[in-house]
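Asker: fold the following.
(chains A and B)
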Amino acid sequence: AQSVTQLGSHVSVSEGALVLLRCNYSSSVPPYLFWYVQYPNQGLQLLLKYTTGATLVKGINGFEAEFKKSETSFHLTKPSAHMSDAAEYFCAVSDQGAAGNKLTFGGGTRVLVKP
Amino acid sequence: KAGVTQTPRYLIKTRGQQVTLSCSPISGHRSVSWYQQTPGQGLQFLFEYFSETQRNKGNFPGRFSGRQFSNSRSEMNVSTLELGDSALYLCASSPLTGQLSGANVLTFGAGSRLTVL
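Answerer: Numbering: from 1, shown residues only, chains lettered A, B, ... in the order given. Coordinates of the predicted model:
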């Protein structure tokens, strides 16, 4: 069974500082990988996804993530945090070749941005 | 283009009651998935429907059920509610199902927050 681990349930960064959110997955074959963001009282919004090809993926709002097969990781970064980045972030995986759309999510990382 | 619409947004029930939640997917989307989000268990997959057929089911008791209509709208039902069913229930839609020819992106609704007293 797949599993996703997000290191750190809470991360505090200063405005303008680097945001780094860690995600490691466990899968027998490289899965499809996603990062979603959830703002208070809202659903999940897709930030970016990795399927195949270039391992550095750029997403919305200045976020990017790098797929490292050897480390089974898909860490999310943003060079300069903005107050509007305060939210909860979820890493998710789905099986390549799967018959359905099931996503397996990590536990989430809540980001606090300090002025 | 309208997004995924979930109703009701908030509801309060008491133990033993049942509840029905509704989800209208993005126009043209035929796959609807449901997830339960709780502080303790995080986001957990409930089930997925595609063209009125259940494609996948998560590890939840039989009290949790769902269905999909010919217009792709979906409902989920929880019978004999327990305190632990208090959660945010998220619906997500996608044009297709399966990851055979690329990753299908799920678009989520805002959720229905259920409180069981």
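
Asker: low pLDDT regions in the chain?
Answerer: Answering for chain A, as no chain was given. A:96-98 (pLDDT under 70).

Asker: meant chain B, my bad for not saying
Answerer: In chain B (pLDDT under 70), the answer is B:1, B:97-102.

Asker: how much space separates residue A:71 from chain B?
Answerer: 21 Å (CB to the nearest CB, to the nearest Å). (Each C-beta comes from the backbone N, C-alpha and C, glycine too.)

Asker: with residue A:40 instead?
Answerer: 11 Å.

Asker: residue A:107 is in contact with residue A:21, correct?
Answerer: No. If you go by CB atoms under 8 Å, residue A:21 and residue A:107 don't touch, sitting 11.7 Å apart.

Asker: and for the residue lying closest to residue B:25 once chain neighbours are set aside, the neighbour number?
Answerer: Nearest non-adjacent residue to residue B:25, counting by CB to CB, 6 or more residues apart in numbering or on different chains: residue B:93, 3.2 Å away. For residue B:93, the tally of surrounding residues (other CB atoms under 10 Å in any protein chain shown) stands at 27.

Asker: I'd say residue B:93 and residue B:34 touch.
Answerer: No. Assessed by CB under 8 Å, residue B:93 is found out of contact with residue B:34, at 10.6 Å.

Asker: follow-up on the earlier one: where does the residue nearest to residue B:25 land in three-state SS?
Answerer: strand (DSSP: H, G, I helix; E, B strand; the rest coil).

Asker: give me every residue that touches the residue lying closest to residue B:108 once chain neighbours are set aside.
Answerer: Leaving out its chain neighbours, the residue that sits closest to residue B:108 by CB to CB, 6+ apart is residue A:43, at 3.7 Å. By CB atoms under 8 Å, 6 or more residues apart in numbering or on different chains, residue A:43 lies in contact with B:4, B:90, B:92, B:108, B:109, B:110, B:111.

Asker: please report how far the last one lies from chain A.
Answerer: Spelled out, that is residue B:111. 5 Å.

Asker: for stretch B:68-84, the distance to its chain's centre please.
Answerer: 7 Å (CA atoms, centre = their mean, to the nearest Å).
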